[in-house]
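Asker: Quick one, fold the following:
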Amino acid sequence: MNFAASLCRRVNVRELLTNVPVYGSATDASGGGLSLLFRRWATKKTAGSTKNGRDSKPKNLGVKKFGGERVIPGNIIVRQRGTRFHPGNYVGIGRDHTLFALKEGNVKFELHKLSGRKWVHVIPKEGHVLHPVYAEGAAEPQLEKAMS
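Answerer: Model (predicted):
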């Protein structure tokens, strides 16, 4: 018999079962090597994929218009959770503590030295304008001084 024929020779099932080592315990009553052919191996599906892939949407918080930048009414200056920055002159505050411009002008950030609070102001383009109700009250004492 040549070398190639010896490699390719047929092997019957009886030879396979008698030459297979037994991997069971001494108390295992299975039939020799037969247990190796008909054994169910432990399988487990990978379970990591269902726990991955979840994340909250970005909230895009932070300062949107910095000091000195030009704003128009309605521009968002700061988006925040809570009041890290407090609304100053010509700045409004939204339901979610978003600060926005009420007048056209430039943004100015200010840190109060005693309280440590950060204030955001808009310096109006046309200068500070008093509300008409307060303008009348401010003009009356000057008129009385001028008349007397």
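Asker: Distance check, the residue most central in space within the chain against Arg79.
Answerer: Nearest residue to the geometric centre of the chain (CA atoms, centre = their mean): Pro58, 4.1 Å. Remark: distance between Pro58 and Arg79 (CB to CB, to the nearest Å) = 11 Å. All C-beta atoms are positioned from the backbone trio N, CA, C, and that covers glycine.
Asker: Tell me if the residue nearest to the centre of the chain really is in a helix.
Answerer: No: counting by DSSP: H, G, I helix; E, B strand; the rest coil, Pro58 is not part of a helix but coil.
Asker: quick one: it and Ile76, what's the gap?
Answerer: Taking CB to CB, one finds Pro58 at 16 Å from Ile76.
Asker: any weak-confidence spans in the chain?
Answerer: For the chain, the stretches with pLDDT under 70 are 1, 3-8, 16-17, 19-37, 45-50, 139-148.
Asker: Let's see that with 90 instead.
Answerer: The chain contains residues with pLDDT under 90 at 1-55, 126-148.
Asker: in this structure, which spans are helices?
Answerer: 3-7, 13-19, 34-37, 132-147 (DSSP state H).
Asker: Domain map for the chain?
Answerer: In terms of domains, the chain is parsed into 3-37, 58-148 (source: automatic domain parsing).
Asker: looking at those, which is buried most?
Answerer: Burial of the domains of the chain is given as mean neighbour count (mean count of other CB atoms under 10 Å); domain 58-148 ranks first at a mean of 13.
Asker: Okay, and the beta partners of the closest residue to Phe66 other than its chain neighbours?
Answerer: With sequence-adjacent residues excluded and distances taken as CB to CB, 6 or more residues apart in numbering, Phe66 is closest to Val107, at 6.7 Å. As for beta bridges, Val107 partners with Val122 under DSSP bridges.
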